[in-house]
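# Quick one: sequence plus predicted model below, questions after.
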Amino acid sequence: MTASLDRDQIIKSFDSGASDYVDKPIDREVTLARLRNQMLIKQARRELLRSEQRYTLAVRGTNDGMWDWDLSTGDLFLSSRWRTMVGINSSQWQPRGAQWMDLIHDEDRPRVIADLEAHLIGETEHFETELRMRDLQNNYRWMLCRGWAVRDVNGNASRIAGSVTDITEGKVADALTGLPNRNLFRDRVARGVEQYKRHPARRFAVIYMDIDQFKLINDHYGHDVGDKFLVQVANRLESAIRKGDAVIARLGGDEFAVLLENIRVASDVASVAERLHHQVYQPMVIGDREVLTRRSMGIVFVKDQNPKYVELLSSELLLSQADTAMDEAKKQSDRAYAFFNNDMMRETASRLELGSNLRHAITRNQMHVVYQPLVSIADQHTIGFEALLRLKHPNHGMISSATFIPIAESNGMIIELGTWVTQQACIQASEWVRKFGTQVSISVNVSTKQLAGVGFIDLIRDTLRLTKLPPACLKKLEVTESLLMQNPDETIKLLSALREQGITIGIDDFGTGYSSLAYLHQMPLDILKVDRSFVMEIETSAKQTAIVRSIIALARSLGLATVAEGAETIGQLSILAELGVDFVQGYYLSASVTADLAGQMV
C-alpha cells in the first residue's frame, strides 16, 4: 500500500528542522522527491517485514517443506520443515545446487531429473513428481515434490521454488489392513540385502504366503466379508510376531509377506512359520459366519551363499523365489510351508529359459499341433479331434503343453500362442474337408486371457472366414470351469456371441474348479468334460465313480453332452459306458497323433 503524502506538511516539517541550512539554497522539488522516496522505502520495508512474518508463520504452520533454488548462483534455501522430514539440520548439511538430489533413491533419480529438466526448458507448466528420499537412518520416505520456475524476459528459467509433501503413509501403507504394502516391503527387503552383502553374518528370511481358495470366500459370501476376513488375517499375523523382530506386509489381494531379520538358523524360521500357520488356521468368525481356510507359505532363508548368488541377490529375486516355494507348499498335504532349495532354483532357471524360448518358438518353427481323437463310446467311431499344442525344444525335445502353458500364461505369450493354434487347427480342418469331402469337427482350448482379451470374437470370425471352414466344424471351444466363474455375467455374454456363430461351447476339467449352479444353468454350454483325475480311479474308488455318475446326471439335467478324458484301460472304458458317457478320449483308444495320421483316421 502506498502512503498518501501532504505536500505542505512535508515542506513545513522540513523548514522547521532546517535552521542550520538557511544560508544554503534549497531546491524544494528535489528535496520533496527525496523525502517521498525515503518514506516509500520505509513503508515498503514495513510491508516486506510483515510479509516475511506472514511467510514464516505460513511455513511453520504447514506440513510441507519449502525450497528455493537460484539456478544462476547455485544458492539453495531449504526450510526447517524440509530438513525435519529427512532428519537433517542446517549444521549437518549445507547443500548447494543439485546436491540435494543425493538423497533421492537411485531408482527414482533419473526420472526426477528428467521431470525437472522438462519443466525448466518449458515443456511442462509446473514441476511435479513422486520420489523416495533417504533420511538419517537410511530409511526412504515417499515425497511429492512440486515446483515452479521464474523466467526472464527471454523465457529462460533463472530460479525455481516449490514444496515437498510427505506422502509415505499413503504410498507404503495398505488401505484395508494398515500393514506396510508391497512398495515398503520391497524397500525393506532391499535394505536387508544391502546389509547382508556388507555383513554376511546378518542372516534374514522372507516368507511369502497366500490364503488357499480365498476366491471362494469372496464368491460365496461377498467382498465385504472377504475384506473383513483379510483384516482378521492381518491382525492375527501381527499378534503372532513381535514387531521388533519382523516386518509384516500385505502385498495385495490375499497375499501377505514377512521379513525376519537377524535369523540364526532355518529352524527359527520354521518355528515362526508354524506359529503363523496356527494363528491363521483357527476358524474366523465374521458376523454370523465361521470361516476356515488354509495358508500356504514359501520361505527363502538367506544364509551363507556362493559369491555369484550374492551378487545377483535382490528384493525382486527373493520375492520370486519365495513365491516359487509357496507353489510347492500348495502341493503338500502334511505341511503348510516349503523352503526354497537348489532343486527349485534349477526349476526356476529352467522356467526362465523356457519362457525366453517361447518368445521365438513360432518364428523358429518349434511349435507343433497334435490331434487327440474324440471317440463315440457307442460305436467306437472317431467323430472329431482336440487340437493340442506341443513345443519341440532344441535341447529338451518334445514338451507337453502342461509344462509350458502356465509359463506362457504368466509371461503374456498365451494370447499369441492361442491365436496361432486356433488358426493352425482351422486350416487343418479345412484341408480335411476339401480332401475327404466330409466335415471334421475340431476342438480348441481357450485360455483365460484369450477369452478376456479384446477382439477374441473377431479372431474366431476372421479365422473361419479366411480358412473357409464351416462354423459347425469348429465344434468346440473348451473353456475351463474356473474361467467361467471369474466373471460369469461377462462370460455369458461372450459365450452367447460365439454360440450365435454356430460354435459349440464345452466346459473343460469339470469338477476341479468351483461352479455356481445358479450360473451354470444360464451358461450357453453344449458339452461338459469330466476331468481325467476322476476317470483314472473309477476302477478302484467307489467315491470317484459316484462323482462321475453325479457329473453325468448333472449334465443330462442341463441338456449337455458328456466327454470323459483320460481313459487308459478297458475297465475304465466299460465303467464309463455303463455310466452313460457320450464320448471319450484317452490312450486306450488313441494317443495324440500328427495331422497325417489324423487324416488317415478321418
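Nice, thanks for sending it over. Computed from a predicted structure; not experimentally measured.

# Please count neighbours and contacts with C-alpha atoms only from this point.
OK.

# So for stretch 160-179, mean pLDDT?
What stretch 160-179 shows for mean pLDDT is 84.

# before we move on, what about stretch 529-547?
Throughout stretch 529-547, pLDDT has a mean value of 88.

# now the stretch 201-350 of the chain, which segments are flagged as low pLDDT?
Along the stretch 201-350 of the chain, segments meeting pLDDT under 70 span 243-245, 306, 308, 333.

# If we go by neighbour counts, what in stretch 371-378 is buried?
Using 16 or more other Cα atoms under 10 Å as the burial criterion, the residues of stretch 371-378 that qualify are 371, 372, 373, 374, 375, 376, 377.

# Could you do stretch 106-113 as well?
Across stretch 106-113, burial judged by 16+ other Cα under 10 Å covers 109, 112.

# Narrow the buried residues of stretch 371-378 to those in strands?
Secondary structure from DSSP state E places 371, 372, 373, 374, 375, 376 of the buried residues of stretch 371-378 in strands.

# Just the closest of the residues you listed to residue 237, please.
Closest approach to residue 237 among those (Cα to Cα): residue 372, at 48.3 Å.

# How much space separates the closest residue in space to that closest one that isn't next to it in sequence from residue 392?
In this structure, residue 372 finds its nearest non-sequential neighbour in residue 592, 4.3 Å apart by Cα to Cα, 6 or more residues apart in numbering. As judged by Cα to Cα, to the nearest Å, residue 592 and residue 392 stand 15 Å apart.

# One more: residue 140?
48 Å.

# between those two, who's got more neighbours?
Taking neighbours as other Cα atoms under 10 Å, residue 140 and residue 392 compare with residue 140 leading, 21 against 15.

# Now do the contacts for that one.
105, 132, 133, 134, 187 (Cα atoms under 8 Å, 6 or more residues apart in numbering).

# so which strand or helix has the third one?
In this case it means residue 133. Per DSSP states H and E: residue 133 is located in strand 127-134.

# Give me the buried positions along that strand.
For strand 127-134, a neighbour-count test (16+ other Cα under 10 Å) marks 127, 128, 129, 130, 131, 132, 133, 134 as buried.

# go on, stretch 574-583?
Under the neighbour-count criterion of 16+ other Cα under 10 Å, stretch 574-583 has 576, 579, 580, 581, 582, 583 buried.

# quick one, what contacts the last one?
Residues touching residue 583, when contacts are defined by Cα under 8 Å, 6+ apart, comprise 374, 375, 376, 377, 562, 563, 564.

# which one among these gets closest to residue 301?
Comparing these against residue 301 with Cα to Cα picks out residue 564 as the nearest, at 44.2 Å.

# rewinding a little: any chance of the buried residues of strand 127-134 in a markdown table with pLDDT and distance to residue 320 as columns?
Output for these, formatted as a markdown table (pLDDT from 0 to 100; distance: Cα to Cα, whole Å):
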| residue | pLDDT | distance to residue 320 |
| --- | --- | --- |
| 127 | 91 | 36 |
| 128 | 89 | 33 |
| 129 | 88 | 29 |
| 130 | 86 | 26 |
| 131 | 88 | 25 |
| 132 | 87 | 23 |
| 133 | 87 | 26 |
| 134 | 84 | 26 |
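
# want to throw the ones in strands among the buried residues of stretch 371-378 into CSV with distance to residue 218?
Below are those laid out as CSV (distance: Cα to Cα, whole Å):
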residue, distance to residue 218
371, 38
372, 37
373, 39
374, 37
375, 39
376, 40
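
# I figured residue 285 hits residue 291, correct?
Yes - with contact defined as Cα atoms under 8 Å, residue 285 counts as touching residue 291 (6.3 Å).

# Where does the prediction get shaky in the stretch 401-550 of the chain?
Using pLDDT under 70, the stretch 401-550 of the chain drops low at 448, 452-454, 475-488, 509, 511-519.

# show me what contacts residue 576?
residue 564.

# Next one: it from residue 226, what distance?
Separation of residue 576 from residue 226 (Cα to Cα): 40 Å.

# So what pairs up with the residue most central in space within the chain in the strands?
Residue closest to the mean C-alpha point of the chain, counted by Cα atoms, centre = their mean, is residue 252 at 8.2 Å. Going by DSSP bridges, residue 252 is paired in beta bridges with residue 255.

# Looks like it contacts residue 183 (just checking).
No - Residue 252 is beyond contact range of residue 183, at 10.7 Å (criterion: Cα under 8 Å).

# Mind jotting down where the strands sit in the stretch 101-250 of the chain?
Using DSSP state E, counting those that start in this stretch, the strands of the stretch 101-250 of the chain run over residues 127-134, 140-151, 157-166, 204-211, 246-252.

# and if you look at the stretch 351-500 of the chain?
Along the stretch 351-500 of the chain, counting by DSSP E, counting those that start in this stretch, strands occupy 367-376, 382-393, 397-399, 441-446, 476-480.

# wait, which of those strands is closest to residue 277?
Nearest of those to residue 277, taken as Cα to Cα: strand 476-480 at 30.9 Å.

# Any chance of the strands of the stretch 351-500 of the chain in a markdown table with distance to residue 548 as columns?
Formatted as a markdown table, the strands of the stretch 351-500 of the chain follow (distance: least, Cα to Cα, whole Å):
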| stretch | distance to residue 548 |
| --- | --- |
| strand 367-376 | 18 |
| strand 382-393 | 21 |
| strand 397-399 | 30 |
| strand 441-446 | 22 |
| strand 476-480 | 17 |
